[in-house]
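Student: pasted the sequence and its predicted model underneath.
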Number of protein chains: 2
Amino acid sequence: MVFKLGNFLNGLTGKSLKTQELKKEKFSVFWGLPIMSSDAISSVAYAGEEILWILVPVIGLLSYKYMLYASLLIVFLMFMLTFSYRQTIDAYPSGGGSYVVAKDNLGTTAGLIAGASLTIDYILTVAVSASAGTAAITSAAPFLLPHRVGITLGLIILLVIGNLRGVRESSKLFGIPTYLFIISVLSMIIWGIVKIHFMGYTPVPLYKIPEASGNITLFLFLKAFAGGCTALTGIEAVSNGVPNFKEPSQKHAKMVLGLLALIVLLVFGGISYLATLYHAVPNSEVTVVAQISQQIFDKSIMFYVIQATTAVILVLAGNTAFAGLPLLLAFMARDGYAPRQFAKRGRRLNYSNGIVMLGLLSCILVIIFKGDTHYLIPLYAVGVFISFTLSQAGMFRRWIKSRGYAWRHKAAVNGLGALMTFVTAVIIGATKFAHGAWVVFILIPSVVYVMRKIKLHYTEAARQLKLPMDQKPKKIDFASQKRYVIVPIDALNKSFLKALNYARTISDNIIIFHVSVDDAATEKLLKKWHQYGVDIPIVVKKSPYRSIVGPLVKFIESEEYAAGSKDTVTVVMPQFVVTKWWGNILHNQTSLFIKTMLLKRRNIAIVTVPYIIDEG
Amino acid sequence: MVFKLGNFLNGLTGKSLKTQELKKEKFSVFWGLPIMSSDAISSVAYAGEEILWILVPVIGLLSYKYMLYASLLIVFLMFMLTFSYRQTIDAYPSGGGSYVVAKDNLGTTAGLIAGASLTIDYILTVAVSASAGTAAITSAAPFLLPHRVGITLGLIILLVIGNLRGVRESSKLFGIPTYLFIISVLSMIIWGIVKIHFMGYTPVPLYKIPEASGNITLFLFLKAFAGGCTALTGIEAVSNGVPNFKEPSQKHAKMVLGLLALIVLLVFGGISYLATLYHAVPNSEVTVVAQISQQIFDKSIMFYVIQATTAVILVLAGNTAFAGLPLLLAFMARDGYAPRQFAKRGRRLNYSNGIVMLGLLSCILVIIFKGDTHYLIPLYAVGVFISFTLSQAGMFRRWIKSRGYAWRHKAAVNGLGALMTFVTAVIIGATKFAHGAWVVFILIPSVVYVMRKIKLHYTEAARQLKLPMDQKPKKIDFASQKRYVIVPIDALNKSFLKALNYARTISDNIIIFHVSVDDAATEKLLKKWHQYGVDIPIVVKKSPYRSIVGPLVKFIESEEYAAGSKDTVTVVMPQFVVTKWWGNILHNQTSLFIKTMLLKRRNIAIVTVPYIIDEG
């Protein structure tokens, strides 16, 4: 049974793609919309409910009026964000979202804070949405409840594989359910309005509306508004992903953003309006959307279609993160704030390292929280609005500085947006601080610190590597050149001989070096070497602690060898190479360890001579 | 904050030991007894109960009579095993237990079957005993129940660390609780007998003895006997570990074996006798030992001491496996049937690889079974008796063949032992086959197969490595020697220059090779190289699939280079070396990957030239 990694990967994620095929791997508007918007669209499924949860226990029946006001405010905020991000797309054709905008206009720290907030959010999004999807599945099939964690991990792995296959294929895989959700919810909204306004239906609320226990206050209203703002998470994904669209990518991105806003308006506004008409009462058993659809469709097939597509879209919300985070990491990696590997395109031309990392970290979250990630939700609204604020503030500053065409108008839009998103961020942070949002305020600075550390490392490495153009290669004089060569020996066998033969092609000044950890074995070796009768000296050093590399390094540094000179010492090491992967388990990886340790010296060169052991 | 692995390990497992200190790291009789016997001694805590579980539901009150018979039979079997193993210790001063004895006298297959059975058993023992210990803890503190898996893993990790510290220190760590258990159980037995026979106490059974529903049959009796035989697991550990004892190690090992038999006789016999006197009735809430001690001590402090020490000894039973398996694996590794690393002594002179592997595999079992490893118990009695049978049969064959002093007598002892353990193995296998023992009958042949595969690999590798003494190193003619050297370039920096400089010390026939994955970057590089003005040719190959190693290998094999000759090609690779471990995460490990791929070619030598990036 031969396991070929290449074949396996081909089967799993599709065959490798050429770099030139990059252009083909991009979104059209039709398939880009669901990919970029599933997070935003899915969150409207519960945003209205979040508002009612805050209002209904306090002001009872009056809630539906203020819910409409809050929804209008959120829709207004959304349109301002949309206009702002359209301006961002125009200004940043190569994309970048909050990180790039904040960094460009407000400085590196602001950019890194935005980048850190988004990174944390995207990871949380995947964990939360996969768990929410699993919850929907297990509500329908309770016997699967004990396998909750397994199912959630399975869903995340599906997302990872889909995204590793590449944007074109994943857009089809994930796009169809999104459209199904949009169509079925819109049908519900239309039918729900027709039923009341044109057919004279009088809705019977499923649950009793509690008596009002207080009055509406500004604080309560703002709190409700903040709760509903989860509808807006995921909107920045489009401007972040401009380069992922087909040419002309800016135009396509703006179209998608416009359509996204339209869909959020219709779906979120529509559901809020229906909740007002049908007087849905939030409770922990049946969701608001389920109550409404039950009243409208009477548990017909359409009721189940709404439930099923809601479940699917909740999972797909995680997909926005898979479209967003790898790109964000690639931007940050190019600037040196994230490990360089994130900027490298994988076999299928996507940023596969980012995809895999996102999958891994969200899986770890799911395992830690045992699939019950519900209380991660407060954590991520804060991060989203911090990055919104920074992005808006950045655009505001940009217009102030540029004073270009219509700059006053544009600055006003972005300035108001910045103010509103800032207030929202403060409200969310304050009302949810004790419920876990404090974690975000520890995490974001920590992530920023790590990013700065990474940048420092790359800067320092680049400085040390920079080659002055006048520093030319050394002139070599072969005749007078002294080449110190050491060949370590463990056993006298063909592998050693091959290494020795190679050593002799580069020097006639060879020392064979043996580290003795077992007196009997050493004696046997020396006897055999004597019989073998080759006139090259063997140096034997004892190693009481059974370390091989210690005595070797000591010898290289010793007076007796190379006399402490700065000349490069060459160590020629034989290495077994086995043709079957499991063969490696059966050999001590001592030579690998020795090499790693020796590489820490400046004046060394290590020659590896493979000796292949064939296993037909 | 600097993390030093060495310091950490020193703190965790104690400082490294010299090879000469090996002699000091050995057991005395007093501390060797608990290490080697905790498995055997702990199993007597439930062996009597196992017998009653089988008898009581069928024959009611009559059970106590037949329990005594079964116990006598088991004690008889144990003494025969003891005598047999004393003979084994005499015959095998370097130890080895069933594996060595079976292999020596019955052939390799028998030896491997014994080795495989014991390996599986030891792993099961650790998982089961750690879980049993946790169960005892959580019965006392039910609020810990949700953390059952964590606690069990923690106990296993404690065992691993204790054993990594070395035999002397672990013997003290684990010896004291074993002695406490023995002393408190013996006190209970003495006091229980005194109370009835000398103080005229009439015991009141805590539970009603069920009415008899059937008659005693031979099969029922044998089944009860087989159930009680768990008391004998762990007895082979002593003969396996002879070299672990202080000199004269054979004498000390035999003393320990004798003491072990005595303790098992007293504790197992005593508890069985008490069960008869006090009419303990097995049930799933309160153990037989707990019932007896409650009747004797009336829930006084001694009752809790018995419970606590029982809990501790159940965990420590796993420790016998830690003393046994690493030694067994070392024996098998020396014969080539297990990976060679198992025969290597670690920093503290113990077989650390075996200890770590045992810990890992038992942790995996605990995680898979979520800490509920109770139904693994039937699995391991089978394996124990298979290895007993093979060992006894081996000794029997040995006497038959040797015909030395008193061979008839010795052969009779071992022959009868082999027969009895064989019958027991068959009974256990048959009665527990459906309850999971079938797994063992699949696992043992699989493990034997893998062991044979490993041996084949080592044999073949040794054959291919064997150097004929007349095959001398090649004569080198420096002048006419053609040395093909390739230096791959990614960017023109100091690290590349260092590699190039080294290449020039071994050849003046150098080609610089560049794989282009990005046209713009390549153009920039070539321009810079042109400006640099060094007269060495750069060969550029395009790589549409972004693979670096593919074009490099193709070039080496191509007609244009080295003309397909069989001369060795040297590839000189620069390598970043960062001084902080996390720095490695920040650099593509491409060069490592290239090296691994190139090493699969026969006519290649890879030179690694480190370039150290310092981070003060």
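Tutor: Sure thing, it's come through. Residues are numbered from 1 along each chain as shown, chains lettered A, B, ... in the order given.
Student: distance from stretch A:290-298 to the middle of the chain?
Tutor: 37 Å (CA atoms, centre = their mean, to the nearest Å).
Student: report the buried residues of that stretch.
Tutor: Under the neighbour-count criterion of 16 or more other CB atoms under 10 Å in any protein chain shown, stretch A:290-298 has A:290, A:291, A:292, A:293, A:294, A:295, A:296, A:297 buried. Where C-beta positions appear, they are placed from N, C-alpha and C, glycine not excepted.
Student: measure residue A:130 to chain B for me?
Tutor: From residue A:130 over to chain B the distance is 22 Å, taken as CB to the nearest CB, to the nearest Å.
Student: contact partners for residue A:232?
Tutor: Applying CB atoms under 8 Å, 6 or more residues apart in numbering or on different chains to residue A:232 gives the contacts A:40, A:43, A:74, A:77, A:78, A:81, A:264, A:384, A:388.
Student: assign the residue nearest to the last one when sequence neighbours are not counted to helix, strand or coil.
Tutor: The shortest distance from residue A:388 to any non-neighbouring residue, by CB to CB, 6 or more residues apart in numbering or on different chains, is to residue A:421 (4.1 Å). The three-state label for residue A:421, taken from DSSP: H, G, I helix; E, B strand; the rest coil, comes out as helix.
Student: before we move on, the earlier item: return the subset of the buried residues of stretch A:290-298 lying in helices.
Tutor: Those of these mapping onto helices are A:290, A:291, A:292, A:293, A:294, A:295, A:296, A:297, per DSSP state H.
Student: mind putting those into JSON lines with pLDDT and distance to chain B?
Tutor: Listed next are these as JSON lines, based on pLDDT from 0 to 100; distance: CB to the nearest CB, whole Å:
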{"residue": "A:290", "pLDDT": "83", "distance to chain B": "32"}
{"residue": "A:291", "pLDDT": "85", "distance to chain B": "35"}
{"residue": "A:292", "pLDDT": "88", "distance to chain B": "38"}
{"residue": "A:293", "pLDDT": "87", "distance to chain B": "38"}
{"residue": "A:294", "pLDDT": "86", "distance to chain B": "37"}
{"residue": "A:295", "pLDDT": "87", "distance to chain B": "41"}
{"residue": "A:296", "pLDDT": "89", "distance to chain B": "43"}
{"residue": "A:297", "pLDDT": "87", "distance to chain B": "42"}
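Student: from those, pick the one nearest residue B:476.
Tutor: residue A:290 (83.6 Å; CB to CB).
Student: all strands of the stretch 51-200 of chain A, in order?
Tutor: With DSSP state E, counting those that start in this stretch as the criterion, the stretch 51-200 of chain A has no strands.
Student: how much space between the single nearest residue of it relative to chain B and residue B:473?
Tutor: Of all residues in the stretch 51-200 of chain A, residue A:146 sits closest to chain B, at 10.5 Å by CB to the nearest CB. Counting by CB to CB, to the nearest Å, the gap from residue A:146 to residue B:473 is 66 Å.
Student: cool, and residue A:69?
Tutor: 91 Å.
Student: before we move on, back to that, residue A:146 and residue B:473: who's more crowded?
Tutor: residue B:473 (16 against 9; other CB atoms under 10 Å in any protein chain shown).
Student: spatially nearest residue to residue A:602 (excluding sequence neighbours)?
Tutor: In space, residue A:602 is closest to residue B:612, 5.8 Å off (CB to CB, 6+ apart).
Student: quick one: pLDDT of the one you found?
Tutor: Reported pLDDT at residue B:612 in the predicted model: 87.
Student: residues of the stretch 201-350 of chain A that sit close to chain B?
Tutor: Neighbours of chain B within the stretch 201-350 of chain A, by CB under 8 Å from any CB of the partner chain: A:339, A:340, A:341, A:344, A:345, A:347.
Student: any of these buried? List them.
Tutor: Applying 16+ other CB under 10 Å to those flags A:339, A:340, A:341, A:344, A:345, A:347 as buried.
Student: so can I have TSV of the contacts of residue A:232 showing neighbour count?
Tutor: As requested, the contacts of residue A:232 are exported to TSV (neighbours: other CB atoms under 10 Å in any protein chain shown):
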residue	neighbour count
A:40	26
A:43	28
A:74	29
A:77	22
A:78	21
A:81	25
A:264	25
A:384	29
A:388	29
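Student: min pLDDT across those, which one?
Tutor: Where pLDDT dips furthest among those: residue A:43, at 78.
Student: now do the helices in the stretch 1-150 of chain A.
Tutor: Using DSSP state H, counting those that start in this stretch, the helices of the stretch 1-150 of chain A run over A:5-13, A:29-59, A:63-91, A:97-106, A:108-140, A:148-165.
Student: these: which one's closest to residue B:217?
Tutor: Residue B:217 lies closest, by CB to CB, to one member of the helices of the stretch 1-150 of chain A: helix A:148-165, at 46.4 Å.
Student: skipping adjacent residues, who's closest to the residue of the stretch 1-150 of chain A found nearest chain B in space?
Tutor: Nearest to chain B in the stretch 1-150 of chain A, going by CB to the nearest CB, is residue A:18, at a distance of 4.1 Å. The spatially closest residue to residue A:18, leaving aside those adjacent along the chain, is residue B:544, at 4.1 Å (CB to CB, 6+ apart).
Student: burial measure for that neighbour, as a count.
Tutor: 14.
Student: mind checking the SS state of it?
Tutor: Residue B:544 is classified as coil under three-state DSSP.
Student: and the gap between it and residue A:26?
Tutor: For residue B:544, the distance to residue A:26 - CB to CB - is 18 Å.
Student: what do you get for residue A:238?
Tutor: From residue A:238 to residue A:26 the distance is 14 Å (CB to CB).
Student: more neighbours, the two?
Tutor: Shown here are residue A:238 and residue A:26; by other CB under 10 Å, residue A:238 has more neighbours (36 against 19).
Student: tell me which residues in whichever strand or helix holds residue A:329 are buried?
Tutor: Take DSSP states H and E as the rule and residue A:329 turns out to sit in helix A:301-334. Using 16+ other CB under 10 Å as the test for burial, helix A:301-334 gives A:302-303, A:305-333.
Student: before we move on, what about stretch A:181-201?
Tutor: In stretch A:181-201, counting by 16+ other CB under 10 Å, buried: A:181, A:182, A:184, A:185, A:188, A:189, A:191, A:192, A:195, A:196.
Student: quick one: average pLDDT of stretch A:482-500?
Tutor: So the average pLDDT for stretch A:482-500 ends up being 89.
Student: anything in it near chain B?
Tutor: Yes. Applying CB under 8 Å from any CB, one finds stretch A:482-500 touching chain B at A:483, A:491, A:492, A:493, A:494, A:495, A:496, A:497, A:500.
Student: quick check: the fourth one touching residue B:468?
Tutor: No. Taking CB atoms under 8 Å as the definition, residue A:493 is not a contact partner of residue B:468, at 10.6 Å.
Student: these two: which is more packed in?
Tutor: residue A:493 (17 against 8).
Student: the residue lying closest to the more buried one once chain neighbours are set aside: how many residues sit nearby?
Tutor: Take residue A:493 and drop its neighbours on the chain: the residue closest to it by CB to CB, 6+ apart is residue B:465, 3.9 Å away. By other CB under 10 Å, 18 other residues sit near residue B:465.
Student: ditto for residue A:513
Tutor: When neighbours are defined as other CB under 10 Å, residue A:513 has 20 of them.
Student: now that we're looking at it, what pLDDT does it have?
Tutor: Looking at residue A:513, the pLDDT reads 92.
Student: confirm that it sits in a strand.
Tutor: Yes. Judged by three-state DSSP, residue A:513 forms part of a strand.
Student: touching, it and residue A:543? I think so.
Tutor: No. Contact status for residue A:513 versus residue A:543: not in contact, 11.7 Å apart, counting by CB under 8 Å.
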